[in-house]
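> sharing a sequence plus its predicted fold:
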Amino acid sequence: MRDSSKARLSAAVTCLNFNLRRTSRLVSRYYEQALKPAGLRAGQFNLMVPVGLRGALSITQLAELLGMERSALARNLKPLERKGWVTVTAGADRRTRLVRLTREGESLLRTAYPFWEQAQRELTSALTGSVLRGLLKGLRAASNAARTED
């Protein structure tokens, strides 16, 4: 490989996408292990928490909150429905689909929360308060900048 190609590849390691995806994989793996005793995966936890906090949400609202495509969200909700943790039902106008936690889903979140809380404490303890606040602020800014209108 030529020196100029190596220099370009070397610069790529400063890429925001590269670093976010790497960190995301590592952090996700950490939460996966932490939530395992509760019988819940990190992605499932992340899908259920907004519904647990806000109550019934439309697929569109939940997809926007999670930064996901509606079709990908619908696919990811299917296993949660099969396990009886969420329901997806027609809304008032029949075109809207509403996601709700079942009692079993609420119970599962209550069980999983202490495991999540411990992992959260462990990971955030590596960051000082101002660094953590700056990181979260930066991630929100990057999310807002990356949003595309379909």
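Yes, it's here. Bear in mind the structure is a predicted one, so any value in this text is a computation, not a measurement. Numbering: from 1, shown residues only.
> going forward, measure contacts between C-alpha atoms and count neighbours the same way
OK.
> report pLDDT for the residue nearest to V86 when sequence neighbours are not counted.
Leaving aside its sequence neighbours, V86 sits nearest to L101 (Cα to Cα, 6 or more residues apart in numbering; 4.3 Å). Looking at L101, its pLDDT is 97.
> go on, the one 10 residues further on?
T111 is assigned a predicted lDDT (pLDDT) of 97.
> next one: R2
pLDDT, R2: 67.
> which residue is nearest the middle of the chain?
Geometric centre of the chain, nearest residue: N46, 4.5 Å, by Cα atoms, centre = their mean.
> which residues touch the strand or helix carrying that residue?
Using DSSP states H and E, N46 sits within helix 42-54. Outside helix 42-54, the residues that touch it by Cα atoms under 8 Å, 6 or more residues apart in numbering are 28, 31-32, 35, 57, 62, 65-66, 77, 80, 86, 99-101, 105-106, 109.
> can I get the CA coordinates of it in PDB?
The C-alpha coordinates for helix 42-54 follow below in PDB (Å, rounded to 0.1, in the frame of the first residue of the first chain):
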ATOM      1  CA  ALA A  42     -30.000  -4.600  25.600                       C
ATOM      2  CA  GLY A  43     -31.900  -3.800  22.400                       C
ATOM      3  CA  GLN A  44     -35.100  -5.200  23.800                       C
ATOM      4  CA  PHE A  45     -34.600  -3.100  27.000                       C
ATOM      5  CA  ASN A  46     -34.100   0.000  24.800                       C
ATOM      6  CA  LEU A  47     -37.300  -0.600  22.900                       C
ATOM      7  CA  MET A  48     -39.400  -1.100  26.000                       C
ATOM      8  CA  VAL A  49     -38.100   1.700  28.200                       C
ATOM      9  CA  PRO A  50     -39.700   4.600  26.200                       C
ATOM     10  CA  VAL A  51     -43.000   2.700  26.200                       C
ATOM     11  CA  GLY A  52     -42.700   2.100  29.900                       C
ATOM     12  CA  LEU A  53     -42.100   5.800  30.500                       C
ATOM     13  CA  ARG A  54     -44.700   7.300  28.200                       C
END
